[in-house]
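Colleague: next one to model:
(4 chains)
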Protein chains: 2
Amino acid sequence: MQKRGQSTVSNIYDELRQAIAKGELREGEQLKQAAIGEQFGVSKIPVREALTMLEADGFVTLTAGKGATVNGLSAAEAEEIYLMRIGLEPLVLRHSLPNLSVIGLARAESILHTIQSLDDITQEQWHMLDHEFHTTLYQGSPHERMKRTVKLLHDNLARYFAIYKSYGMSFRTESDAEHRQILEACKAKDGERACAILNQHLEHGSRKLQTFLQNGERRNE
Amino acid sequence: MQKRGQSTVSNIYDELRQAIAKGELREGEQLKQAAIGEQFGVSKIPVREALTMLEADGFVTLTAGKGATVNGLSAAEAEEIYLMRIGLEPLVLRHSLPNLSVIGLARAESILHTIQSLDDITQEQWHMLDHEFHTTLYQGSPHERMKRTVKLLHDNLARYFAIYKSYGMSFRTESDAEHRQILEACKAKDGERACAILNQHLEHGSRKLQTFLQNGERRNE
DNA sequence: TTAGGTATGATGGTATACCATCATACTAAC
DNA sequence: GTTAGTATGATGGTATACCATCATACCTAA
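Modeller: Below is the predicted model:
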């Protein structure tokens, strides 16, 4: 029953979350406890706990007597998530910067290199590396709660990135350029500047996503 | 967070959260599922779900094989919560302001009157009214996710306010004065100014709480 | 033919039961 | 007397079982 180290519940949680992020589970789809339990070879109990956690994290909605349904996506929600990122991430970065080690900066740099060296990169990979880059810069911050919230926001955004065939190469190059600028400011320990660019970076990301959400070609439908 | 009707689970969740907020359950205390279940006349299953939610909301920690323990309080966490409020609430207020109805403003004003008219007010009452005031001003915002997060932050802060015999009348009067200034700026639809004062208001709140956490007299211990 | 009601099946919610694990205490041996 | 090992009880985790509720489809009656 017990998979080494990881608990049953978090396994189910991870699998379901990935399935939702990848769009394998469509919006509005009902998640049936018995079916999921059978799929994982467990009973409904751990499934219910995983669903409860998914609700807390904003991926599904539990309605009494009707079970869990996958939350829908909307341009408004995407904008809101970016707004929260704008509110929180510059603060995290600013508090992280003084404690950011040379090693951390080097790791961030290597992530940027990885992104640029990979010519043919999937949307998923790119988004993961993007997340990794930001997270690395935040590692100096002692604010675990904020970082957890930020991670959740990134995870929720992943769904939006996933539903597009191509997110536009132009966006990526612009984004990567901003990443580099942020990194340079961090190296120079210029918190003011780093935050300003990060802010801009997020504003740009938000706007780009909005235009895609209005004009872009959906992957599923 | 979780509404899910007035189900058994949310009842347990609410009761436990209140008990934690009031300090009836001390930090580090182990929450035994069987005992809680018996107390509510239910089995462990709904209790476990309530505990899962409490963990998601930051009140307890679930460790595999050891159950749930009440999270500790720390000056660092209090500061972090205020930092998140500073990051988020001005944004919410700014987006709420254009949609804020006259009725909403009137309600906020009446809350201020209530606070000032009540001479002998408990810490709990004051904190609830404070929360109510802020929430009312945010009601014009369409950003449900942000508002949910902000509410969580307020709820977590409630624990810190609860552990002190008196939170200091001087703080309250200063805070109330700032409330009024915020309200006036909102009435004038001056978002810039309202946000600036709100920011200051939160900074002050954070600093006051910090000094109390370092010097204040604990209620329990 | 249509509408309404009932029956049946599916699904969610919760209690009971069982097992694994951890902590604690007691006993035995050095 | 102290320490280590084992046994027992407490507790958490999960499966099974049962019940309530909701949806759907079929049947009956107007």
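
Colleague: what about A:G58, neighbour count?
Modeller: When neighbours are counted by other CB atoms under 10 Å in any protein chain shown, A:G58 registers 17. C-beta coordinates here come from the backbone N, C-alpha and C atoms, glycine included.

Colleague: any figure for the gap between it and A:S96?
Modeller: 25 Å (CB to CB, to the nearest Å).

Colleague: ditto for A:K208
Modeller: 25 Å.

Colleague: those two: which has the busier surroundings?
Modeller: When A:K208 and A:S96 are compared for neighbours, A:S96 comes out ahead with 23 against 16, by other CB under 10 Å.

Colleague: okay, now the domains of chain A?
Modeller: A:8-70, A:75-215 (automatic domain parsing).

Colleague: okay if I get the ones you listed as a markdown table plus distance to B:T149 and mean pLDDT?
Modeller: Formatted as a markdown table, these follow (distance: least, CB to CB, whole Å; pLDDT from 0 to 100):
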| stretch | distance to B:T149 | mean pLDDT |
| --- | --- | --- |
| domain A:8-70 | 10 | 90 |
| domain A:75-215 | 7 | 92 |
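
Colleague: contact residues of chain A facing chain B?
Modeller: A:7, A:45, A:48-49, A:52-53, A:55-58, A:62-65, A:76-77, A:80-81, A:83-84, A:86-88, A:90-91, A:95, A:142-146, A:149 (CB under 8 Å from any CB of the partner chain).

Colleague: at 7 Å instead, please
Modeller: A:7, A:45, A:48-49, A:52-53, A:55-56, A:58, A:62, A:64, A:76, A:80, A:83-84, A:87-88, A:91, A:142-143, A:145-146, A:149 (CB under 7 Å from any CB of the partner chain).

Colleague: buried subset of the residues you listed as a ChimeraX selection?
Modeller: In ChimeraX, this line selects whichever of the residues of chain A next to chain B come out buried by 16 or more other CB atoms under 10 Å in any protein chain shown:
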select /A:48,49,52,53,55,56,58,62,80,83,84,87,88,91,143,145,146,149
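
Colleague: ok, and of the residues of chain A next to chain B, which contact DNA strand D?
Modeller: With CB under 7 Å from any atom of the strand as the criterion, the residues of chain A next to chain B include A:S7, A:I45, A:E49 near DNA strand D.

Colleague: what sits closest to the second one if chain neighbours are left out?
Modeller: To tie it back to what came earlier, the one meant is A:I45. B:I45 (6.9 Å; CB to CB, 6 or more residues apart in numbering or on different chains).

Colleague: just the residues of chain A next to chain B: which are in helices?
Modeller: Those of those mapping onto helices are A:45, A:48-49, A:52-53, A:55-56, A:76, A:80, A:83-84, A:87-88, A:91, A:145-146, A:149, per DSSP state H.

Colleague: which residue ranges form the helices in chain A?
Modeller: Under DSSP H, chain A gives helices at A:8-22, A:33-40, A:44-56, A:75-96, A:102-117, A:123-138, A:144-162, A:169-187, A:191-215.

Colleague: pretty sure A:A56 is touching B:L54, no?
Modeller: No - using CB atoms under 7 Å, A:A56 is not in contact with B:L54, being 10.2 Å away.

Colleague: circling back to that earlier point, to DNA strand C, which of the helices of chain A lies closest?
Modeller: helix A:33-40 (3.8 Å; CB to the nearest atom of the strand).

Colleague: which one among the ones next to DNA strand D among the residues of chain A next to chain B gets closest to A:L31?
Modeller: The closest of those to A:L31 turns out to be A:E49 (CB to CB; 13.1 Å).

Colleague: nearest spatial neighbour of that closest one, skipping sequence neighbours?
Modeller: A:V9 (4.8 Å).

Colleague: need the contact list for that neighbour.
Modeller: A:P46, A:E49, A:A50 (CB atoms under 7 Å, 6 or more residues apart in numbering or on different chains).

Colleague: adding distance to B:N199, write the helices of chain A out as TSV.
Modeller: As requested, the helices of chain A are arranged in TSV below (distance: least, CB to CB, whole Å):
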stretch	distance to B:N199
helix A:8-22	35
helix A:33-40	45
helix A:44-56	29
helix A:75-96	12
helix A:102-117	29
helix A:123-138	22
helix A:144-162	17
helix A:169-187	24
helix A:191-215	15
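
Colleague: columns distance to DNA strand C on top of those helices, output as a markdown table?
Modeller: Below are those laid out as a markdown table (distance: least, CB to the nearest atom of the strand, whole Å):
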| stretch | distance to DNA strand C |
| --- | --- |
| helix A:8-22 | 12 |
| helix A:33-40 | 4 |
| helix A:44-56 | 6 |
| helix A:75-96 | 24 |
| helix A:102-117 | 34 |
| helix A:123-138 | 28 |
| helix A:144-162 | 21 |
| helix A:169-187 | 38 |
| helix A:191-215 | 29 |
